[in-house]
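[1] predicted model and sequence below, questions to follow.
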Amino acid sequence: QTIVTQEPSFSVSAGGTVTLTCGLRSGSVSTSLQVSWYQQTPGQAPRTLIYNTYTRSSGVSDRFSGSILGNKAALTITGAQADDEADYYCLLDLRDFWEFGGGTKLTVL
Amino acid sequence: EVQLVESGGGLVQPGGSLRLSCEASGFAFSDKWMGWVRQAPGKGLEWVANVKEDDSASHIVGSLTGRFNIYTDSAKKSLFLEVNSLRVEDTAVYYCGKWDCTAACHLAYWGRGTLVTVSS
């Protein structure tokens, strides 16, 4: 079974920049495997941040950006704010099958 | 404004069944993909199933085929998930989602979720 990998946790200082990654246990993530990213704060439904690897969802701050770094997809948050503290999930479209990563818990210090 | 409102969750005994519903509004239901994602308590997100509005195509995660069934009622702009032979490990919040499959597929909008608790 395909396994999508994410860092379990990450911390960033307020105002700082952090890059979260999304990989495949076997193989590499490229733009041919479209990636989307979601943010979830405690007790809330997830919110869509990025889709098709690079495109920000409507209303999402330009502090959030998606990219490919090496063999992984990446979500970069610049100018981290307290309300960026959340769980972040990537989702890979694997052609008629979709799989979320295990999520990254981001702490803003 | 797109709205997705789930219902049908609750407490059910192991081996029981439920039908989850999702009522959609604020967008044209036709020719759209809809689906379900679930989240067990304290755990991550898990894709469950997707279906095209006219039921012409659907996909269910392999581990749940045979017990879960997804379908729509276009006239009522509603999405359903039938969950059978429920197990304790099916306990989760079930989120309805509107998928955008213009290029690749991603979740464009989320409902607030409905909680299914499987317990004796």
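    Received, thanks.
[2] assign the residue nearest the centre of chain B to helix, strand or coil.
    Most central in chain B under CA atoms, centre = their mean is B:Trp36, positioned 2.9 Å from the mean C-alpha point. Secondary structure assignment for B:Trp36 (DSSP: H, G, I helix; E, B strand; the rest coil): strand.
[3] poorly predicted segments of chain B, please.
    Chain B contains no residues with pLDDT under 70.
[4] got the residue ranges for the strands in chain A?
    Taking DSSP state E as the test, the strands found in chain A are A:4-6, A:9-12, A:18-24, A:35-40, A:47-51, A:55-56, A:64-69, A:72-77, A:86-93, A:98-100, A:104-108.
[5] over to chain B?
    Secondary structure of chain B (DSSP E): strands located at B:3-7, B:10-12, B:18-25, B:33-39, B:45-52, B:58-60, B:68-73, B:78-83, B:92-100, B:106-110, B:114-118.
[6] can you list those in CSV and add distance to chain A?
    Bear in mind the C-beta positions are built from the backbone N, C-alpha and C, glycine included. Output for the strands of chain B, formatted as CSV (distance: least, CB to the nearest CB, whole Å):
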stretch, distance to chain A
strand B:3-7, 9
strand B:10-12, 19
strand B:18-25, 12
strand B:33-39, 8
strand B:45-52, 4
strand B:58-60, 5
strand B:68-73, 13
strand B:78-83, 15
strand B:92-100, 6
strand B:106-110, 4
strand B:114-118, 11
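[7] before we move on, the earlier item: next one: the closest residue to the residue nearest to the centre of chain B other than its chain neighbours from A:Ile68, what distance?
    Leaving out its chain neighbours, the residue that sits closest to B:Trp36 by CB to CB, 6 or more residues apart in numbering or on different chains is B:Val48, at 4.2 Å. Distance of B:Val48 to A:Ile68, computed by CB to CB, to the nearest Å: 28 Å.
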